[in-house]
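*Asks:* here is the input, now give the coordinates:
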Amino acid sequence: MPENVPSGPLTGCRVIELAHIMAGPVCGLMLADMGADVVKVEKPTGDDTRRMVPPTINGESAAFMMMNRNKRGIALDLKSDAGRAALSKLIETADVVIENFRPGTMAKLGLSYDTLKAINPGLIYVEVSGFGRTGPYAERGGFDLVAQGMSGLMSVTGEGPGRQPVKIGPPVSDITAGILAAMGVSAAYAHKLKTGEGQKVDTSLFEAAITHTYWQSAIAFATGENPGPMGSAHPLNAPYQAFQTADGWINIGAANQANWEKLTRLIAAPYLAGDPRFATNPDRMTHRLVLADILNDILSARPSADWLAVFDAGGLPAGPVLSITEMHHDPQTIARDMVPTVDHPVAGSVQTIGLPVKFSATPGGVTKPAPTLGQHTREVLAEAGLCDDQISALISQTIQT
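*Replies:* Next comes the predicted model:
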């Protein structure tokens, strides 16, 4: 296989990414990491992520490079007839199109699903939006913050009742929507390989955020009551949360009876297992705050490393609370190839986040950096059958736009 050409289970799948910022590009990067040939089509001024600075590396947006590695990039003015005609040529041989524009944008450009399906009946057309393409909110734009609030996530995130709403730090609805879209593409592509039929795939930030409420929704369905924020604690099991040590914080997952009893032995407090307040999981949930105070008092007597060594030797699930850079340097992160390095033509050697799914027969991974603006325009359009003069005219038009 030629150098820097990704391998993976989706090798041979051609994807046209008409997406920007995050949710759609996450879908594209997942597919690219699994071997798909993802062609990112940017407007003449580039994806807005290119302007999400600082930070930069040699003037290149770190955010853009993170979201768009493994893709080829072209620049087209889709408001022009020539730009749309060039895109139509790309669509003819594509398997997938990804878009995450506001509702109606693609139709105004003459690029709706029905229009593109007429060009390529086998096309898989992926729409990632704020709220989905049906329902009373279908016409609304969407952002991660809004989706986290409306999904209920922010009502169960934070230190405890009565505190201000807290969103989950990373944009989980954007990222999860992209992953769900990639899952949808994989399923639709399997169907296409069997039948030749394409279809529309539709998911949203709102639905993506809702999927993170499985436990809390189960509680609400069963009791009719709204769960609230619990800090790092679990809504169904205890003790399962962060505890303070002499020099920091560690997470302990003593979520079942066997691990609870193991914890009491490892911290030399077997009497806790016989305490009727903590005898069973329902008992421990009822007295969770008291139990947390007791465990914090015991664990704060020794440093985190001491306790983690004890728990590791004893087979109790536990771990440190790492910073992002500490996570990057963790030996397990490195062993799982989750911080690969690529050589960018402007930024130089750049680290990124790796493919979180490993395949034994068709390994994927990160093989090339994010494109510079329009880097592969000539290459991709030549593959689509445009002549040199047509390509030069389009590039000139894009530069002048």
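
*Asks:* surely Gln216 meets Met230?
*Replies:* No - contact criterion C-beta atoms under 8 Å: Gln216 and Met230 do not qualify, at 9.9 Å. To be clear about C-beta, it is placed using only N, CA and C from the backbone, and glycine gets the same treatment.

*Asks:* for the stretch 301-401 of the chain, which segments count as strands?
*Replies:* 318-320, 341-344, 348-351 (DSSP state E, counting those that start in this stretch).

*Asks:* let's have those strands in a markdown table, adding mean neighbour count, distance to Tyr240 and mean pLDDT.
*Replies:* What follows is these, written out as a markdown table (neighbours: other C-beta atoms under 10 Å; distance: least, C-beta to C-beta, whole Å; pLDDT from 0 to 100):
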| stretch | mean neighbour count | distance to Tyr240 | mean pLDDT |
| --- | --- | --- | --- |
| strand 318-320 | 17 | 11 | 98 |
| strand 341-344 | 15 | 36 | 97 |
| strand 348-351 | 14 | 32 | 97 |
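
*Asks:* in a markdown table, list those strands along with distance to Arg72.
*Replies:* Compiled in a markdown table, the strands of the stretch 301-401 of the chain are given as follows (distance: least, C-beta to C-beta, whole Å):
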| stretch | distance to Arg72 |
| --- | --- |
| strand 318-320 | 39 |
| strand 341-344 | 14 |
| strand 348-351 | 17 |
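
*Asks:* rewinding a little: need the overlap of contacts for Gln216 and Met230.
*Replies:* Val156 (C-beta atoms under 8 Å, 6 or more residues apart in numbering).

*Asks:* re the thing from before, of all the strands of the stretch 301-401 of the chain, which lies closest to Ser392?
*Replies:* strand 341-344 (25.8 Å; C-beta to C-beta).

*Asks:* list the neighbouring strands of the closest one plus their orientation.
*Replies:* strand 348-351 (antiparallel) (DSSP bridges).

*Asks:* list of residues touching the strand it pairs with?
*Replies:* With contacts defined as C-beta under 8 Å, 6+ apart, strand 348-351 is touched by Ile57, Asn58, Met65, His328, Val339, Pro340, Thr341, Val342, Asp343, His344, Pro369.

*Asks:* how about JSON lines for the residues you listed, with distance to Met285 added?
*Replies:* Shown next, in JSON lines, are the contacts of strand 348-351 (distance: C-beta to C-beta, whole Å):
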{"residue": "Ile57", "distance to Met285": "47"}
{"residue": "Asn58", "distance to Met285": "52"}
{"residue": "Met65", "distance to Met285": "45"}
{"residue": "His328", "distance to Met285": "35"}
{"residue": "Val339", "distance to Met285": "38"}
{"residue": "Pro340", "distance to Met285": "42"}
{"residue": "Thr341", "distance to Met285": "45"}
{"residue": "Val342", "distance to Met285": "47"}
{"residue": "Asp343", "distance to Met285": "52"}
{"residue": "His344", "distance to Met285": "50"}
{"residue": "Pro369", "distance to Met285": "48"}
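
*Asks:* separation between the nearest residue in space to Met65 that is not next to it in sequence and Pro345?
*Replies:* Using C-beta to C-beta, 6 or more residues apart in numbering and skipping the chain neighbours, the partner closest in space to Met65 is Ala370 (4.3 Å). Note on Ala370: its distance to Pro345, by C-beta to C-beta, to the nearest Å, is 10 Å.

*Asks:* and what of Ser186?
*Replies:* Counting by C-beta to C-beta - Ser186 and Pro345 are separated by 31 Å.

*Asks:* okay, the two: which has more neighbours?
*Replies:* Ser186 (19 against 11; other C-beta atoms under 10 Å).
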